[in-house]
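[1] need a structure here:
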Amino acid sequence: MRSCHPITFVVCGLAVALLTGCGQSQGEFVPVSGKVTVKGKPQANLIVSFLPVADGEEAVVASSGLTDDEGNFTLKTSGAEGTEGAMIGPHQVRIRNRIVLGAEDATVPEKSSTVRLPAKATDGSMTVEVPPEGLDDLQFDL
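    Here you go, the predicted model:
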C-alpha cells in the first residue's frame, strides 16, 4: 500500500485555504462624511461617533470625526493607523461636545464646545446604516 507524503497534505490544505478564503474578512471601511446643525445652525467642535452594531463574534471598529466651523465632519478610526471612513453596516450614532482641558497653555489653542445638545445626540438612539458605497451627505439636525 502506498502512503502520501505529509507535505502533500500541507500543500493541499494551503491550496484549499487560498481558493476558498480563510474565513470572514475584517470589516471593510468606506468614506463617511456629513454635517451637524443645532437648532438650524452649523455647530463646530462636536465629536460625531459611529459605533458599529456587533453581529456575533465579529470584530468591530468605531469611527469618529470632529465638526469644523461649518458643522462638517469626516469619519476616521482612532489609533495610530487611523483608517478613513466607517465600517459597512449598522451603527449607533452619538454626538457630544468636545471638551479640551489645558488648552490655554497650548501654542495653538484648541477649542471646546459648550452648546446644549438634546438627549438623542448622546443616548445612542440615532442609527445609521452605512452602505458599501459610503455616505457623503449625512445630515444631523439637533
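
[2] residue nearest the centroid of this structure?
    residue 63 (2.4 Å; C-alpha atoms, centre = their mean).

[3] that one against residue 89, yeah?
    No. Contact status for residue 63 versus residue 89: not in contact, 11.8 Å apart, counting by C-beta atoms under 8 Å. For glycine as for every other residue, the C-beta is placed from the backbone atoms N, C-alpha and C.

[4] same question for the strand ranked longest in the chain, mean pLDDT?
    Longest strand in the chain by number of residues, with DSSP state E as the criterion: strand 89-97. Averaged over strand 89-97, pLDDT sits at 94.

[5] and for stretch 62-71?
    Mean predicted confidence for stretch 62-71 is 95.

[6] and it, which residues are buried?
    Across stretch 62-71, burial judged by 16 or more other C-beta atoms under 10 Å covers 62, 63, 64, 65, 66, 67, 71.

[7] do stretch 112-131 as well
    113, 117, 121, 128, 130.

[8] beta partners of the last one?
    Beta bridges link residue 130 to residue 89 when assigned by DSSP bridges.

[9] do I have it right that it meets residue 93?
    No. Using C-beta under 8 Å, residue 130 makes no contact with residue 93, being 10.4 Å away.
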